[in-house]
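Sequence and predicted model, in that order:
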Amino acid sequence: MIPAAHAVPVERALRAAFGVAACDSIQPLTAGLSPALVYRIEVGGCPYLLRINLNPISDPARWFASMGAAAAAGLGPAVRYTSVDDKISITDFVERKPLPRASALRLLPPMLRAVHTLPPFPPMARFPDYLDAGDAFIGRWRAAGTLPETIAAEIFPAYARLRRAYTREADDLVASHNDLNPGNILFDGTRLWLVDWEAAFLNHRYVDLAVVANFVAATAADEEYLLDAYFGQPATEYQRTRFYLMQQFAHLFYAALLLGMNRRGPQRGFAAPPAYARASSGAPEPQAGAAPTLDLDAPTPAFRDLHDRLWSGEASLASAEAKLEYGRVHLNQLRHNFGTGRFQLALRAQRR
């Protein structure tokens, strides 16, 4: 079950965590998008999660430090063992129960606030700021020339205006999860747990809020509730516009990662956006001379419809085709939003 190359490190982990050389039972888990090897194991009649990271550019020291801080605060499952050298972790296993979106909208704001009040996580090594990382990915996408000129003429000038309007604020840099897709939000029937802290680092608070809103805030009223509950009081106009502008930044970030990293499709090994921690080093450069094969006119579901199906588990981003579709969904939503009066008002509000 465990590949031979990892057998000794896993035995070492089991001895350190539980004083045994082998687990009682082991079952591979394949539902997630990460390239890691993930197993449900039992030791002494108790279930645990064994994870072996295979990403050569992963930073397990930052990841395990963030995961440990979250677990100590009761936000993630208890950590039983970690090894930076072997890139192995063992945590408690959480049996997932169905989580209605309405319940998630109620439970997630205080959870996010608790994460964001943890001691600051370490920053990303290569891109200490999320906005700088976005600039790099989006700049490479623009240089690759994979977008039709008419779409590029819409997207990139609007992005430049967005970047000028969304200023860096020190108070907004907080410990952040950065990959709050439905697979990383577990409900045990009583409470929430956040898992997979590989992409955690010091980031703008509105990134986590924007990602969560993609899945649980179906209406403007839902977004208002999310922000008010997160801040513990009615959100100010300034806070609402920063949230809205970060949503647009995230749309473009997703589109750049999924549609723009390689002319023949999304970056190899890409997991769940926006975890650019998995993609910020060693990503392939656009292939000179390669003919674009992205079909931006392919049938694409509505933004809300796809996110509802992702939340319910009816849809998955596991295949390359699904990732391309997800990139188109975000690109379409971004083009729509860039053309609205709300975007223009948000730009002006942030410049005051």
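Everything's here; your move. Numbering: from 1, shown residues only.

what does the average pLDDT come to for stretch 132-146?
Over the span of stretch 132-146, the pLDDT mean works out to 87.

mind listing what's buried in it?
For stretch 132-146, burial by neighbour count (16 or more other Cβ atoms under 10 Å) applies to 133-134, 136-138, 140-142, 144, 146. C-beta here means a position set from N, CA and C on the backbone, and glycine is covered the same way.

Might one say that residue 298 is in contact with residue 328?
Yes: between residue 298 and residue 328 there is a contact under Cβ atoms under 8 Å: 6.8 Å.

Leaving out sequence neighbours, find the closest residue to residue 188.
Nearest residue to residue 188, sequence neighbours excluded (Cβ to Cβ, 6 or more residues apart in numbering): residue 94, at 5.4 Å.

can you check residue 135 too?
residue 163 (7.2 Å).

So the one you found lies in a helix, does it not?
Yes: according to DSSP: H, G, I helix; E, B strand; the rest coil, residue 163 belongs to a helix.

burial of residue 22, as a residue count?
14 (other Cβ atoms under 10 Å).

so it touches residue 13, yeah?
No: counting by Cβ under 8 Å, residue 22 does not reach residue 13; the two are 11.3 Å apart.

where along this structure do the strands fall?
25-28, 37-43, 46-52, 79-83, 88-92, 173-176, 185-187, 192-194, 201-204 (DSSP state E).

Any idea which of these gets closest to residue 313?
strand 185-187 (12.2 Å; Cβ to Cβ).

what's that closest one in contact with?
Strand 185-187 has contacts (Cβ atoms under 8 Å, 6 or more residues apart in numbering) with 94, 96-99, 103-104, 107-108, 192-195.

please redo it, this time with the cut-off set to 10 Å
With Cβ atoms under 10 Å, 6 or more residues apart in numbering as the test, strand 185-187 has contacts from 76-77, 93-100, 103-104, 107-108, 111, 177, 192-196, 212, 215-216, 311.

What about the residues you listed, which are in helices?
Mapping the contacts of strand 185-187 onto helices (DSSP state H) picks out 103-104, 107-108, 111, 212, 215-216, 311.

Which members of those residues define the maximum pairwise distance?
Counting by Cβ to Cβ, the most remote pair of these is 111 and 311, 15.9 Å apart.

wait, what's in contact with residue 239?
172, 205-206, 209, 227-228, 230-231.

one more time with 8 Å
227, 231.

Residue 298 and residue 328: who's more crowded?
Neighbours were counted for residue 298 and for residue 328 using other Cβ under 10 Å; residue 328 has more, 22 against 10.

From residue 118, how far out is that one?
35 Å (Cβ to Cβ, to the nearest Å).

Neighbours of the nearest residue to residue 244 once chain neighbours are set aside, how many?
Spatial nearest neighbour of residue 244, excluding adjacent residues (Cβ to Cβ, 6+ apart): residue 346 at 5.1 Å. Residues near residue 346, counting by other Cβ under 10 Å, number 24.

how distant is stretch 114-122 from the center of its chain?
16 Å (Cα atoms, centre = their mean, to the nearest Å).

Show me the domain layout of this structure.
4-92, 101-351 (automatic domain parsing).

Of those domains, which shows the lowest average pLDDT?
Among these, domain 101-351 carries the lowest mean pLDDT (a mean of 86).

now that domain, how far from the chain's geometric center?
For domain 101-351, the distance to the chain centre is 8 Å (Cα atoms, centre = their mean).

Can you list the residue ranges for helices in the stretch 251-352 of the chain?
303-312, 320-338, 341-351 (DSSP state H, counting those that start in this stretch).

Go through the ones you listed and name the closest to residue 128.
Nearest to residue 128 among the helices of the stretch 251-352 of the chain is helix 341-351 (22.0 Å), distances taken as Cβ to Cβ.

For the closest one, buried residues please.
343, 346-347, 349-350.

swap in stretch 65-76?
65-71, 75-76.

which two from these end up farthest apart in space?
65 and 75 (14.1 Å).

isn't residue 155 right up against residue 334?
Yes: Residue 155 lies in contact with residue 334 (Cβ under 8 Å); the separation is 7.0 Å.

quick one, which of the two is more surrounded?
Set residue 155 next to residue 334 and count neighbours by other Cβ under 10 Å: residue 334 wins out with 25 against 21.

what sits against that one?
155, 248, 251-252, 255.

mind redoing it with 7 Å?
When the contact criterion is Cβ atoms under 7 Å, 6 or more residues apart in numbering, the partners of residue 334 are 248, 251-252, 255.

Give me the distance between the residue nearest the centre of the chain and residue 194.
In the chain, the centroid-proximal residue (Cα atoms, centre = their mean) is residue 179; its distance is 2.1 Å. To residue 194, residue 179 is 9 Å away according to Cβ to Cβ.

what do you get for residue 296?
34 Å.

Which of the two has more residues huddled nearby?
Using other Cβ under 10 Å, the more surrounded residue of residue 296 and residue 194 is residue 194, with 24 against 16.

Would you agree that one is in contact with residue 184?
Yes: the pair formed by residue 194 and residue 184 meets the contact definition of Cβ atoms under 7 Å, at 6.2 Å.

Enumerate the beta-bridge partners assigned to residue 41.
Note on residue 41: beta-bridge partners residue 26, residue 48, judged by DSSP bridges.

That one: what's it in contact with?
Here residue 41 is in contact with 23, 25-26, 48, 50 (criterion: Cβ under 7 Å, 6+ apart).
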